[in-house]
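In: sharing a model prediction with you, sequence too.
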Amino acid sequence: MVICVPDCLPAQALTSHQLVTHFGVTGTVTALYWAVPRLRLWQRRLLIGAREGHPTPCAGGPLRLLDLSGLRHAAAVGAGIRYQIWQRVVHGTRPATPWPVFHSRHLTDPDRYPYQRASEEFHAQPRVQAMRLHVATTPGPGQPSIGELEMYQAGQVAYQHYRAGIAVVGDAMLTADGRHLAPASDALADRITYLEQALAHLDTVGPQQRLLAVSL
């Protein structure tokens, strides 16, 4: 989750153990962002959870000190590489039905369509099996995830746009005025709606607005 911190809240309150008190969420402050290049020493004190590295990773800070453009570009490049791997992995398989479709059917009628059956039918698809086999035999970060199957099937450019957006707004957002933005479900259409809302909100805030990334 990305939290837009109200101006009245002091920096000392932006710690993991204060999240419930001030924002009503349980989680851990996490390094999601990069600081802008050529950050001055006194500006570093304005960042939240800054760490050593180049670019400087941090959990947030004033919008003007966060390199959102660089972060989105890097996320898009990484997504493009991951998509190329995915294409080779699933070559020759038919498009698969995404998990949210099976899950929604289970939630609609759990007695007649139990979770176990939904899971088995999803994982029985050749494309899903190809992805699982690749991950099992090629361990390490950056591998295509079956959780993003629907995003991959939307095409390379769509997947890159999706990952670039998620890189700066996360999976949910809490605005400074207390609005909670989040996808209505895991379906791609709902995730896109969230991205539209969250990115549009970022465009309306000023350069002094502080952002804080939290892992829930």
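Out: Everything's here; your move.
In: which helices and strands sit right next to the longest helix along the chain?
Out: Longest helix in the chain by number of residues (criterion: DSSP state H): helix 68-90. Judged by 3 or more C-beta pairs under 8 Å, 6 or more residues apart in numbering; DSSP states H and E, helix 68-90 is in contact with strand 33-34, helix 126-137, helix 149-153, helix 156-169. Placement of C-beta: from N, CA and C, glycine included.
In: give the buried residues for the last one.
Out: To tie it back to what came earlier, the one meant is helix 156-169. Within helix 156-169, the residues that qualify as buried are 158-169, counting by 16 or more other C-beta atoms under 10 Å.
In: which residues does it contact?
Out: 2, 32-33, 68, 71-76, 78-80, 82-84, 87, 148, 151-152, 154, 188, 191-192, 194-195, 198-199, 202 (C-beta atoms under 8 Å, 6 or more residues apart in numbering).
In: hey, which strand is longest across the protein?
Out: strand 210-215 (DSSP state E).
In: still on that earlier bit, list buried members of the contacts of helix 156-169 by neighbour count.
Out: 2, 32-33, 68, 71-72, 74-76, 79, 82-83, 148, 151-152, 188, 191-192, 194-195, 198, 202.
In: between the longest strand of the chain and helix 156-169, how big is the angle?
Out: Between the axes of strand 210-215 and helix 156-169, defined by axes from the mean of the first three to the mean of the last three C-alpha atoms, to 10 degrees, the angle is 110 degrees.
In: what pairs with strand 210-215, parallel or antiparallel?
Out: Using DSSP bridges, strand 210-215 pairs in its sheet with strand 2-5 (antiparallel), strand 28-29 (antiparallel), strand 60-62 (antiparallel).
In: on that earlier part again, can I get the helices and strands packed on helix 68-90 in CSV with distance to residue 57 and mean pLDDT?
Out: Below are these laid out as CSV (distance: least, C-beta to C-beta, whole Å; pLDDT from 0 to 100):
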stretch, distance to residue 57, mean pLDDT
strand 33-34, 6, 96
helix 126-137, 26, 97
helix 149-153, 25, 98
helix 156-169, 13, 98
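In: flag the helix or strand of this structure with the lowest per-element mean pLDDT.
Out: Ranked by mean pLDDT, DSSP states H and E, the helix or strand of the chain with the weakest confidence is helix 19-23, at a mean of 86.
In: circling back to that earlier point, and the longest helix of the chain, how far out from the chain middle?
Out: What separates the centre of helix 68-90 from the centre of its chain is 14 Å, taken as C-alpha atoms, centre = their mean, to the nearest Å.
In: stretch 44-52 too?
Out: In terms of C-alpha atoms, centre = their mean, the centre of stretch 44-52 is set 21 Å apart from its chain centre.
In: only C-alpha atoms, please: export it in PDB.
Out: Extracted in PDB, the C-alpha atoms of stretch 44-52 (Å, rounded to 0.1, in the frame of the first residue of the first chain):
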ATOM      1  CA  ARG A  44      18.300  12.900   2.500                       C
ATOM      2  CA  ARG A  45      17.000  13.800   6.000                       C
ATOM      3  CA  LEU A  46      13.500  14.400   4.400                       C
ATOM      4  CA  LEU A  47      13.400  10.800   3.000                       C
ATOM      5  CA  ILE A  48      11.700   8.000   4.900                       C
ATOM      6  CA  GLY A  49      13.700   4.900   5.500                       C
ATOM      7  CA  ALA A  50      16.600   5.800   3.200                       C
ATOM      8  CA  ARG A  51      19.200   3.200   2.600                       C
ATOM      9  CA  GLU A  52      22.600   3.000   1.000                       C
END
